[in-house]
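Chemist: Sharing a model prediction with you, sequence too.
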Amino acid sequence: MKILLVFAHPEPRSLNGALRDVAIQELEAQGHEVRVTDLYAEGWKSEVDRADFPALAPEARLRPAAASGEAFAAGALTADVRAEQEKLLWADVLILQFPLWWYSMPAILKGWVDRVYAYGFAYGVGEHSDSHWGDRFGEGTLAGKRAMLIVTTGGWEEHYATRGVNGPIEDLLFPINHGILYYPGYDVLPPFVAYRVDRFDAAGFESAAEHLRERMRTLATTPPIPYRRQNGGDYLIPSLQLRSGLGDPGATGFALHLNGEGAAG
Ligand code: FAD
């Protein structure tokens with residue numbers, strides 16, 4: 001398979017850097033072709049601003065979604081963004097790797113999403129009608145491909161368990177897994193999470209590395225998180241409410257959007 005790994009850590013000698021090398025080595029040993037976008041090393045511009053839309057008239061008001069759609073349709077997005085879009089179309093599997101910072105991804109990676117996921121490419125795709133609300137959440141430009149996260153946390157695994165003070169890791173990562181990866185069509189694999197890493201010793205590292213190698217060996221066969229498809233009949237359109245009678249009656253929030261027993265976690 002073809003794999004794109006988008007790496008968001010400022011220090012190549014970090015734990016994340018070492019885990020990235022483990023992942024790449026295992027993927028290549030399995031015969032996969034790997035490309036890496038190293039955001040800090042490449043000096044990725046993380047903010048969306050006028051410079052992203054060179055064709056926009058200086059006096060025109062900047063409306064980011066509209067400007068993005070016009071530039072995408074005209075092939076006028078900046079070269080760095082077009083190069084990343086080409087990599088996404090090339091890859092069978094997308095891996096986003098980052099340390100958990102403030103319950104989320106580092107800003108540079110969020111900025112990669114904001115800029116690369118153009119209107120017409122990752123959103124604003126497909127028909128909007130009374131029976132179909134855009135090609136998204138299981139459909140879209142990147143449908144048929146797989147994606148997963150590699151994440152490290154300072155917090156302990158217990159801190160991210162069902163009753164842990166941080167909230168369940170599935171909930172924290174839902175905005176990325178569901179809102180960023182599933183949205184444009186990816187089948188999203190359960191994340192690889194290495195917990196309590198700030199005090200990692202050699203044994204802790206080797207154990208995490210072995211688990212990561214195993215996840216890289218099973219990329220093609222690991223069942224995806226069973227998110228519900230937006231246009232598959234589970235949701236009313238256009239209100240996009242889950243139909244009554246579906247889901248555990250006691251469930252609220254993110255868990256409602258899982259279809260049955262799942263591999264989320
Ligand atoms: P590093 O600092 O590079 O390394 C961590 C440890 O691994 C070091 O002790 C290092 O010696 C050791 N190590 C063992 N083997 C190796 C090897 N082969 N190579 C390299 N290092 C090795 N945590 C949370 O849980 N929730 C949060 O919301 C959160 N927010 C944060 C916000 C910010 C701004 C910051 C800076 C940190 C935050 N953290 C949070 C903690 C953060 O998630 C961890 O510090 C991070 O995941 C550690 O990854 P690293 O690659 O930076 O590790």
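Modeler: Looks like it arrived, so ask away.

Chemist: Kindly report the residues of this structure close to the ligand.
Modeler: 9, 14-16, 18, 99-103, 152-155, 197-200, 205 (Cβ under 6 Å from any ligand atom). In short, each C-beta sits where N, CA and C put it, glycine included.

Chemist: PyMOL command for the buried members of these?
Modeler: To isolate the buried subset of those in PyMOL, counting by 16 or more other Cβ atoms under 10 Å, use the following:
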select buried, resi 9+15+16+99+100+152+153+155+197+200+205
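
Chemist: Which members of the residues of the chain next to the ligand are positioned in strands?
Modeler: Counting by DSSP state E, the residues of the chain next to the ligand place 99, 152 in strands.

Chemist: In helices only, show me the residues of the chain next to the ligand.
Modeler: The helices, defined by DSSP state H, take in 15-16, 18, 205 from the residues of the chain next to the ligand.

Chemist: which of those lies closest to Gln241?
Modeler: Asn16 (38.9 Å; Cβ to Cβ).

Chemist: give the contact list for that closest one.
Modeler: The contact partners of Asn16, by Cβ atoms under 8 Å, 6 or more residues apart in numbering, come to 7, 9, 97-99, 152.

Chemist: got it, and Val193?
Modeler: Contact analysis of Val193 by Cβ under 8 Å, 6+ apart lists 149, 151-153, 157, 160, 169.

Chemist: Out of these, which end up buried?
Modeler: By neighbour count, with 16+ other Cβ under 10 Å, the contacts of Val193 hold 149, 151-153, 160, 169 as buried.

Chemist: pLDDT and distance to Ala67 for those residues - can I get that in TSV?
Modeler: Converted to TSV, the buried ones among the contacts of Val193 look like this (pLDDT from 0 to 100; distance: Cβ to Cβ, whole Å):
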residue	pLDDT	distance to Ala67
Leu149	99	29
Val151	99	32
Thr152	98	35
Thr153	98	36
Tyr160	98	38
Ile169	98	35
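
Chemist: Now do the residue nearest to the spatial centre of the chain against the ligand, distance only.
Modeler: Using Cα atoms, centre = their mean, the residue of the chain that lies closest to the mean C-alpha position is Leu181, 4.1 Å off. As judged by Cβ to the nearest ligand atom, to the nearest Å, Leu181 and the ligand stand 20 Å apart.

Chemist: which residues touch that residue?
Modeler: Leu181 touches 94, 96, 147, 188, counting by Cβ under 8 Å, 6+ apart.

Chemist: repeat that for 10 Å
Modeler: Taking Cβ atoms under 10 Å, 6 or more residues apart in numbering, we find Leu181 in contact with 94, 96, 113, 142, 145-149, 173, 187-189, 224-225, 227.

Chemist: how about those residues, which pair is most distant?
Modeler: In these, two members sit farther apart than any others by Cβ to Cβ. They are Val113 and Pro224, at 19.6 Å.

Chemist: can you give me the helices in the stretch 101-250 of the chain?
Modeler: 107-116, 169-176, 202-217 (DSSP state H, counting those that start in this stretch).

Chemist: Does anything pack onto the shortest one? Which helices or strands?
Modeler: Right, helix 169-176. With contacts taken as 3 or more Cβ pairs under 10 Å, 6 or more residues apart in numbering; DSSP states H and E, helix 169-176 sits against helix 107-116, strand 146-152, strand 192-194.

Chemist: tell me the angle the second one makes with helix 202-217.
Modeler: Note on geometry: by axes from the mean of the first three to the mean of the last three Cα atoms, to 10 degrees, strand 146-152 and helix 202-217 are set 170 degrees apart in direction.
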